[in-house]
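Visitor: Coordinates only, no sequence provided:
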């Protein structure tokens with residue numbers, strides 16, 4: 001089976017390459033070789049490689065910058081997926097598209113399911129939702145959308161690496177304590193996506209539904225950014241990545257204003273994805289520990 005991955009240099013793209021099963025013929029493109037917002041380029045590359053499945057791990061993810069860089073955010077997050085979906089339809093390929101918890105407004109008190117009402121709070125979430133809608137309209141049941149959240153990895157820039165740097169440099173830290181979600185190790189997400197690809201009955205069947213399948217995937221458990229930071233420090237000291245503990249205090253999001261508003265609650269219900277793929281979620285703290293173990297080798 002031939003799988004084409006976009007966004008190969010990102011956290012998820014890097015992990016997908018690292019854990020690619022041996023039965024997959026993998027073709028990967030970074031934004032330099034494939035700008036998904038460029039319809040002509042998408043057309044040319046997808047037709048010439050003609051994959052069975054495309055995994056779209058490319059996205060505009062600068063949440064705060066998106067508030068002013070609206071045109072570019074929509075070009076990558078809405079037009080890009082529309083371009084991929086259009087060519088996938090033409091070459092009869094499946095599309096697995098990675099989306100975000102930011103499509104929700106965070107007012108729920110229960111983990112979000114795929115069918116819950118969306119209501120993005122900013123440009124990033126709105127552009128990602130627009131991309132989901134384009135895919136569903138163009139490809140229907142030939143597409144699967146996977147929403148995830150709080151992604152980190154040994155690759156790229158992310159919260160875990162930023163915290164390790166700050167904990168090394170600062171005397172104390174104040175971290176937002178009233179935004180709750182679930183951290184997601186990109187390697188775990190990649191593992192689930194490969195299980196999805198290898199479900200031949202899923203991947204190559206013709207799903208006659210008019211809409212895309214929407215799944216949620218994060219690690220298991222719940223945390224605030226404050227909880228996440230505390231765990232990062234504890235585990236990093238345990239593993240010798242930090243030499244000393246510094247005081248960390250929980251602060252309200254209101255005292256750390258950002259250009260983009262973020263959902264206060266974005267825990268996702270993963271039951272459907274677990275059932276479909278046979279992959280079970282692992283607690284975020286266990287995943288964090290494994291990632292920190294890997295970090296010195298990278």
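Guide: Received, thanks. Model, not experiment: these values are computed from the prediction.
Visitor: need the helix or strand of this protein with the lowest average pLDDT.
Guide: None of the helices or strands of the chain scores lower by mean pLDDT, DSSP states H and E than helix 200-203, at a mean of 48.
Visitor: how about the strands of the stretch 101-250 of the chain, start to end?
Guide: For the stretch 101-250 of the chain, the strands defined by DSSP state E, counting those that start in this stretch occupy 143-148, 151-152, 173-176, 180-181, 184-185, 213-216, 223-224, 248-251.
Visitor: strand partners of the longest one, parallel vs antiparallel please.
Guide: Within its sheet, and counting by DSSP bridges, strand 143-148 is paired with strand 94-100 (parallel), strand 213-216 (parallel).
Visitor: count of neighbours near residue 239?
Guide: Neighbourhood size, residue 239 [other CB atoms under 10 Å]: 13. All C-beta spots, glycine's among them, are computed from the backbone N, C-alpha and C.
Visitor: Now for it: which residues touch it?
Guide: Contacts for residue 239 were tallied using CB atoms under 8 Å, 6 or more residues apart in numbering; they are 289, 292-293.
Visitor: again, but for residue 77
Guide: Neighbour list for residue 77: 59-60, 124, 127-128, 130-131 [criterion: CB under 8 Å, 6+ apart].
Visitor: Need the three-state assignment for residue 17.
Guide: helix (DSSP: H, G, I helix; E, B strand; the rest coil).
Visitor: Tell me the pLDDT of it.
Guide: Residue 17 is assigned 98 on the pLDDT scale.
Visitor: Next: residue 199.
Guide: For residue 199, the pLDDT comes out at 83.
Visitor: Buried among the contacts of residue 77? Make that a PyMOL selection.
Guide: Remark: buried members of those, expressed as a PyMOL selection using 16 or more other CB atoms under 10 Å:
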select buried, resi 59+60+124+127+128+130+131
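Visitor: Out of the contacts of residue 77, which is nearest to residue 118?
Guide: Lowest distance from residue 118 to the contacts of residue 77 (CB to CB) belongs to residue 128, with 9.7 Å.
Visitor: The closest one against residue 101, yeah?
Guide: No: contact criterion CB atoms under 8 Å: residue 128 and residue 101 do not qualify, at 9.6 Å.
Visitor: picking that back up, of the strands paired with strand 143-148, flag the one that's most buried.
Guide: Among the strands paired with strand 143-148, strand 94-100 has the highest mean neighbour count (mean count of other CB atoms under 10 Å), at a mean of 25.
Visitor: What is the distance between that one and the centre of its chain?
Guide: Distance of strand 94-100 from its chain centroid, counting by CA atoms, centre = their mean, to the nearest Å, is 9 Å.
Visitor: how much space between residue 20 and residue 158?
Guide: When CB to CB, to the nearest Å is the yardstick, residue 20 and residue 158 sit 21 Å from each other.
Visitor: And the helices in the stretch 51-200 of the chain, which stretches?
Guide: Under the criterion DSSP state H, counting those that start in this stretch, the stretch 51-200 of the chain contains helices at 70-74, 80-91, 123-139, 159-169, 186-198, 200-203.
Visitor: looking at the ones you listed, which is closest to residue 114?
Guide: Nearest to residue 114, of all those, is helix 123-139, at 10.5 Å by CB to CB.
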